[in-house]
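Asker: coords below, sequence missing:
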DNA sequence: CGAAACTATG
């Protein structure tokens, strides 16, 4: 066989391979094939070049495609257009333009497809000038009226400049086609005008154009953004009825629509019935869960996705992290971090920001900062996320420091920055800081009514109603609903509920309808004043505004009824909410906990689990504490079992609560078990264990725990010391008490409080060392309070010491002349000492 | 075999 014919056979074989490849594109396989061609010296076949070029294009590798392209001598116009379009599609806009110029230099005149391709290389505002140049060239050309070119212009102006210009290009078409309609519809959706997009959709059909899958996709996202579930369902039904082929993109749009409209079960039914090889549909379903407060289902679905071998993408990380953040699922979040590291997305700005937000929401500020620190070319977005983390964890000073650091790095804060930093200033309660932030905020370009409202609520929280008012009156035009809300809240903050109500009325009079946020904050304001009458009034005012269906409003309403003392109304509202969220349950549980109604609290808690909602650790911990105080061991055990299956809970909080619950229910051994099996211990769990031992009279155990705690470098706080001293006192462990007391005072003398000394009075008094007890009262660096003397008095009574008892009683009378108990105690001393005849009456 | 404008999840 000659060299030529063998080469020919190779070319045919490789061509076949490449065609096969097109069905399952994979960059690694493609590069391997390319390498093999070179080895077999068939690489220079021009036919093969074309195949390779297209294959690289399909795999989304524009630069490799270009390398092949340059080897082709005198490529025809279609190939030029192909590579221009390919580079544009993958963000290589500059390369597209170079190709476009080079093509013409080599004597090829652009046709309508060339113009359409090069226009698609203009995506951003910065590209507008290029786009306009191309537009000018088109106007000189015969293709100026071509619908393809004009559609590309619609898109270019829509993405780089304004909807108006896009509309102009659309209207300048002599006749539109479906694709052109699709372009103008999607442009309106991208600009947020979904109502108009649906109107265009109707018009298009009236004019006889048949919507295709692209139209449907766009309209579905319009319905999603408008949250018009019924329209969405209707369109879904039409899709099914038309029995046209449903592609993955349409499925994704449907999932998104159901998710945004809050109909998770419909989304899940759809999802279960499709072929799930594409990560995008998984992402959409995970996101639907995450956005509807079902973070645990989102996480579970993600695990299923991995089990089925679907590769997570950047978006997967973003949506799963969102779920972890909402659920405070730290364990899962940390696993995600590992995966993200492996995928090389750790330093991606979006992923990094989502990751640091997750850590921050879970309360792990160090980890959050660590992620932040690794990000390069930081924009204002990760800074805002970092500041928000520290602000929400009430690390106000750090938040301010980061703010200043951000400024010194030359970044300009945006309104989100201020939305985060204003609450920090009110938390710090330093007026100088508030004014400094105020003056910086005055200088940012995008200050708007939300920034103004933020400022007003900052001053409002500090009670500076005059500053709030002057900001309100400095509005150049009529105040927006957020500004009105801030004013109402500020009046309410200083307890002037008449003014708050008057402002609310004034707002209604001026035709400003309360939105969701306004309604919630107004209802909450009245709830905090326990003003049922005003709360009812606010409730009545919003009845017409379709707001009573909003879950946040419903939560605020029933909580208001409870705070104002009308529990029955609260409960019946709670029961009537059709789609309750996790917040509804947490609020309702908190209400019952506050009422010390364990049965109802536990009942709502189980109901919450039954409806698929995850409790947070605070909710579970408060219920456990309630069970403890009611001695409800069997409920406590059930809750313990159930907590084992939740991974979104803060271990320390739950373990500490469990420990206390067992201790209060009399199971010291179970409390010990919790303590022993918990990992590294924080201060609160040490303290709880000491308290538990004290409660059960295990004084010696308290003392040794206290010792261990200090060995572990855990610093006992003042309340731990009190628990310990009480335990020692009950167990008569004088030396141990003295030791702990002296030890603590030598290291933390500034934390010593009068209660510590009172405990020591009790320690000595209880065993009859009355002289030492008196000394304790004398040497304390505080003025002894009634308790100090009362403790001494009761010891004197126990040991029949009339003289010291009289002197203690005299001191109490000085402090509290009306204290009847003292008379009783003293008379008891006289009686027991057989000295009732000493002349006191 | 292969061109073009409009398409989903964040």
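Answerer: Structure's in. What do you need? Just so we're clear, the structure is a prediction, and the values are computed from it rather than from any experiment.

Asker: which helix or strand lies directly C-terminal to the helix or strand harbouring residue A:523?
Answerer: Assigned by DSSP states H and E, residue A:523 belongs to helix A:516-528. On the C-terminal side of helix A:516-528, the closest following helix or strand by DSSP H and E is helix A:532-542.

Asker: quick revisit: residues in contact with the helix holding residue A:523?
Answerer: Contacts with helix A:516-528, where a contact means CB atoms under 8 Å, 6 or more residues apart in numbering, come from A:481-482, A:484-485, A:488-489, A:492-493, A:497, A:500, A:504, A:514, A:534-535, A:538-539, A:542, A:545, A:547, A:550, A:552-553, A:556-557, A:559-560, A:563-564. For glycine as for every other residue, the C-beta is placed from the backbone atoms N, C-alpha and C.

Asker: same thing with stretch A:560-570?
Answerer: Residues contacting stretch A:560-570 (CB under 8 Å, 6+ apart): A:523-524, A:526-528, A:530-532, A:535, A:539, A:558-559, A:573, A:588, A:591, A:595.

Asker: can you give me the buried ones in it?
Answerer: A:560-564, A:566-567, A:569-570 (16 or more other CB atoms under 10 Å).

Asker: between those residues, which is closest to DNA strand B?
Answerer: residue A:560 (32.0 Å; CB to the nearest atom of the strand).

Asker: now that closest one: which helix or strand?
Answerer: Residue A:560 belongs to helix A:551-563, assigned by DSSP H and E.

Asker: quick check: mean pLDDT across that helix?
Answerer: For helix A:551-563, mean pLDDT rounds to 88.

Asker: ditto for stretch A:169-183
Answerer: 94.

Asker: apart from its chain neighbours, what residue comes closest to residue A:362?
Answerer: Spatially, and ignoring its direct neighbours in sequence, residue A:362 is nearest to residue A:330 (4.1 Å; CB to CB, 6 or more residues apart in numbering).

Asker: any idea how many residues pack against the one you found?
Answerer: 21 (other CB atoms under 10 Å).

Asker: kindly report the same for residue A:484.
Answerer: Neighbours of residue A:484 using other CB under 10 Å come to 26.

Asker: between the helix holding residue A:523 and helix A:551-563, how many degrees?
Answerer: If you take axes from the mean of the first three to the mean of the last three CA atoms, to 10 degrees, helix A:516-528 sits at 10 degrees to helix A:551-563.

Asker: so how far is helix A:516-528 off the chain centroid?
Answerer: Remark: helix A:516-528 is offset 21 Å from the chain centroid, using CA atoms, centre = their mean, to the nearest Å.

Asker: buried ones in it?
Answerer: Going by 16+ other CB under 10 Å, helix A:516-528 has these buried residues: A:516, A:518-528.

Asker: same check on stretch A:65-75?
Answerer: So for stretch A:65-75, counting by 16+ other CB under 10 Å, buried means A:65-66, A:68-69, A:75.

Asker: which of those residues fall in helices?
Answerer: A:65-66, A:68-69 (DSSP state H).

Asker: determine which two of those are furthest apart.
Answerer: A:66 and A:68 (7.2 Å; CB to CB).

Asker: what's the burial count for residue A:736?
Answerer: 22.

Asker: surely it meets residue A:701?
Answerer: No. With contacts counted by CB atoms under 8 Å, residue A:736 stays clear of residue A:701, the gap being 11.1 Å.

Asker: any low-confidence regions in the stretch 551-700 of chain A?
Answerer: Low-confidence segments of the stretch 551-700 of chain A, defined by pLDDT under 70: A:647-650.

Asker: before we move on, what about chain A?
Answerer: A:1-9, A:22-25, A:41-44, A:545, A:647-650, A:833-841.

Asker: element containing the closest residue to DNA strand B within the stretch 251-400 of chain A?
Answerer: Relative to DNA strand B, the nearest point of the stretch 251-400 of chain A is residue A:283 (2.8 Å; CB to the nearest atom of the strand). With secondary structure defined by DSSP H and E, residue A:283 is part of helix A:279-291.

Asker: ok, and does the next helix or strand after that helix reach over to DNA strand B?
Answerer: Remark: after helix A:279-291, the chain's next helix or strand is helix A:295-307, criterion DSSP H and E. No. Using CB under 7 Å from any atom of the strand, no contact is recorded between helix A:295-307 and DNA strand B, whose separation bottoms out at 11.0 Å.

Asker: the inter-axis angle of helix A:295-307 versus helix A:279-291?
Answerer: 160 degrees.

Asker: residues of the helix or strand just after helix A:295-307 that come out buried?
Answerer: Using DSSP H and E, the next helix or strand after helix A:295-307 towards the C-terminus is helix A:314-327. Within helix A:314-327, the residues scored as buried using 16+ other CB under 10 Å are A:315-327.

Asker: show me the contacts for the nearest residue to residue A:316 once chain neighbours are set aside.
Answerer: Taking CB to CB, 6+ apart, and ignoring the residues beside it in sequence, residue A:316 has residue A:283 as its nearest neighbour in space, at 5.3 Å. Contacts of residue A:283 were listed using CB under 8 Å, 6+ apart, and they are A:313, A:315-316, A:319.

Asker: among the residues you listed, which are in reach of DNA strand B?
Answerer: Residues of the contacts of residue A:283 in contact with DNA strand B (CB under 7 Å from any atom of the strand): A:313, A:315-316, A:319.

Asker: wait, residue A:548 sits on residue A:555?
Answerer: No. The criterion here is CB under 8 Å, and residue A:548 misses it with residue A:555 at 11.6 Å.

Asker: who has more neighbours, those two?
Answerer: residue A:555 (24 against 14).

Asker: correct me if wrong: the more buried one contacts residue A:584.
Answerer: Yes. Between residue A:555 and residue A:584 there is a contact under CB under 8 Å: 5.3 Å.

Asker: of the contacts of stretch A:560-570, list those near DNA strand B.
Answerer: Near DNA strand B, by the rule CB under 7 Å from any atom of the strand, you find none of the contacts of stretch A:560-570.

Asker: and the closest residue to DNA strand B within the stretch 551-700 of chain A, what are its phi and psi?
Answerer: Closest residue of the stretch 551-700 of chain A to DNA strand B, CB to the nearest atom of the strand: residue A:581 (17.7 Å). Per-residue torsions, residue A:581: phi -110, psi -180 (degrees, to the nearest 10).

Asker: hmm, it is touching residue A:551, no?
Answerer: Yes. Taking CB under 8 Å as the definition, residue A:581 is a contact partner of residue A:551 at 5.3 Å.

Asker: and the stretch 51-200 of chain A, which residues reach DNA strand B?
Answerer: A:51, A:54-55, A:58, A:77-78, A:81-82, A:85, A:111-113, A:116-117, A:120, A:147-148, A:151-152, A:155, A:177-180, A:182-183, A:186.

Asker: circling back: and the residue of the stretch 251-400 of chain A closest to DNA strand B, how far is that from residue A:603?
Answerer: Distance, residue A:283 to residue A:603, using CB to CB, to the nearest Å: 37 Å.

Asker: kindly report the same for residue A:294.
Answerer: 22 Å.

Asker: between those two, point out the one with more neighbours.
Answerer: Neighbours per residue (other CB under 10 Å) separate residue A:294 from residue A:603, with residue A:294 holding more: 22 against 14.

Asker: name the nearest residue to residue A:819, sequence neighbours excluded.
Answerer: The shortest distance from residue A:819 to any non-neighbouring residue, by CB to CB, 6+ apart, is to residue A:812 (5.7 Å).

Asker: which ones are touching the one you found?
Answerer: A:786, A:789-790, A:793, A:819, A:822.

Asker: cool, and residue A:429?
Answerer: residue A:462.

Asker: how close does it sit to DNA strand B?
Answerer: 35 Å (CB to the nearest atom of the strand, to the nearest Å).

Asker: what of residue A:807?
Answerer: Residue A:807 is 72 Å from DNA strand B, by CB to the nearest atom of the strand.

Asker: where does the nearest residue to residue A:178 once chain neighbours are set aside land in three-state SS?
Answerer: Nearest non-adjacent residue to residue A:178, counting by CB to CB, 6+ apart: residue A:209, 5.1 Å away. The local conformation at residue A:209, judged by DSSP: H, G, I helix; E, B strand; the rest coil, is coil.
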